[in-house]
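Participant: fold the following for me, if possible:
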Amino acid sequence: MRSWLRGPADPFASQPCVLPPDATVEQVVAHLNQNVDRLQSWRAHGVGIRVKGIPFPLNGDLAVQKGRRLRLMVNSIGGTEVDLGSNEHLFWFWAKQNKQPHVYYARHEDADLAVRQLNLPFEPQWLMEAFGLSPYDFQQLRLQPGMQPGTVQLVSDHVLNNGWQVRQIVVVDLCRGLVREHTLWDSARNGKIIASARLGEHFIDPQTGVVLPRRIELDWPQAEMSLAMEFGAIQVNPPALPEQLWEMPVLPQTQAVNLGRSARASLDD
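Facilitator: You can find the predicted model right below:
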């Protein structure tokens, strides 16, 4: 009973630290990329989800695969509440609670423009990194001390195609050799957070050795949207994922709005 009350055991507690306290940026990145290299895709059914503004718990399905493929569907007793996804060509976002519940989409080359002009709560490439499927480039990163003992920050600055200056910070637990947090900051507007992902309750997949979190908290403060996901069973590198999983939904009586086109029209005005 005492073991049950404490929750699941930490699988890293009995292992020696995988990175030294004075690890270089090259060492940290090399270790993290070992995990990325082993991971091609992962999927979770029956995900426990809580969404800001919805007082009751929800459930959903999440699937991610290298090649910009992502699909998260959030469901309630009344049907689908949120559908966001991405494939090689475009990404989309739909939420029943929106005042105008259109399916918003854009091609990846228009992502920077669409996110800034329309305050879209979805950064496809950033989400792929947060879900563990994008490698790190140590040449674009600098190492800083973390805010918590035993952590460091991998920091990179970027100028997006639309001129938006952003800073990305990845918090790494050195001893366990895993990522605790991804944060995307708006460098030009008083350092406001664009998006954050907090990762916890990591486990080691026995077949592949891949390390993944069982809890992810996503937050888009400027869009006033947040959700927390609790994963039970996770399939790591499942043998096959259906192609239709990566197709943008066509919903009855629902308009599909091209965000890239709308953003460009706004700039022309």
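
Participant: for the protein, what are the low-confidence residue spans?
Facilitator: 1-9, 115-122, 160-163, 188-190, 262-269 (pLDDT under 70).

Participant: mind redoing it with 80?
Facilitator: 1-15, 97-101, 111-124, 159-164, 187-191, 222-223, 260-269 (pLDDT under 80).

Participant: centroid residue for it?
Facilitator: Leu127 (3.0 Å; C-alpha atoms, centre = their mean).

Participant: surely it forms part of a helix?
Facilitator: Yes. Membership of Leu127 in a helix is supported by DSSP: H, G, I helix; E, B strand; the rest coil.

Participant: thought it was touching Leu70?
Facilitator: Yes. Leu127 is within contact range of Leu70, at 6.2 Å (criterion: C-beta atoms under 8 Å). (Glycine included, C-beta is placed from N, CA and C.)

Participant: skipping its backbone neighbours, what lies nearest Leu70 in space?
Facilitator: Ser86 (4.5 Å; C-beta to C-beta, 6 or more residues apart in numbering).

Participant: okay, and the common contacts of Leu127 and Leu70?
Facilitator: Listed as contacting both Leu127 and Leu70 by C-beta atoms under 8 Å, 6 or more residues apart in numbering are Ser86.

Participant: quick one, strands of the stretch 51-200 of the chain?
Facilitator: 58-65, 69-76, 79-86, 90-95, 103-107, 142-145, 151-159, 165-173, 178-186, 192-204 (DSSP state E, counting those that start in this stretch).

Participant: adding distance to Glu230 and mean neighbour count, write the ones you listed out as a markdown table.
Facilitator: Converted to a markdown table, those look like this (distance: least, C-beta to C-beta, whole Å; neighbours: other C-beta atoms under 10 Å):
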| stretch | distance to Glu230 | mean neighbour count |
| --- | --- | --- |
| strand 58-65 | 10 | 20 |
| strand 69-76 | 13 | 21 |
| strand 79-86 | 16 | 19 |
| strand 90-95 | 20 | 22 |
| strand 103-107 | 27 | 21 |
| strand 142-145 | 30 | 12 |
| strand 151-159 | 23 | 16 |
| strand 165-173 | 20 | 19 |
| strand 178-186 | 17 | 20 |
| strand 192-204 | 8 | 18 |
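
Participant: need the ones you listed in JSON lines with distance to Asn258, can you?
Facilitator: Putting the strands of the stretch 51-200 of the chain into JSON lines (distance: least, C-beta to C-beta, whole Å) gives the following:
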{"stretch": "strand 58-65", "distance to Asn258": "24"}
{"stretch": "strand 69-76", "distance to Asn258": "19"}
{"stretch": "strand 79-86", "distance to Asn258": "15"}
{"stretch": "strand 90-95", "distance to Asn258": "9"}
{"stretch": "strand 103-107", "distance to Asn258": "6"}
{"stretch": "strand 142-145", "distance to Asn258": "37"}
{"stretch": "strand 151-159", "distance to Asn258": "24"}
{"stretch": "strand 165-173", "distance to Asn258": "23"}
{"stretch": "strand 178-186", "distance to Asn258": "24"}
{"stretch": "strand 192-204", "distance to Asn258": "22"}
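
Participant: for the stretch 1-150 of the chain, just list every one of the helices.
Facilitator: For the stretch 1-150 of the chain, the helices defined by DSSP state H, counting those that start in this stretch cover 2-6, 25-38, 111-118, 124-130.

Participant: quick one, which of those helices is nearest to Gly146?
Facilitator: helix 25-38 (11.2 Å; C-beta to C-beta).
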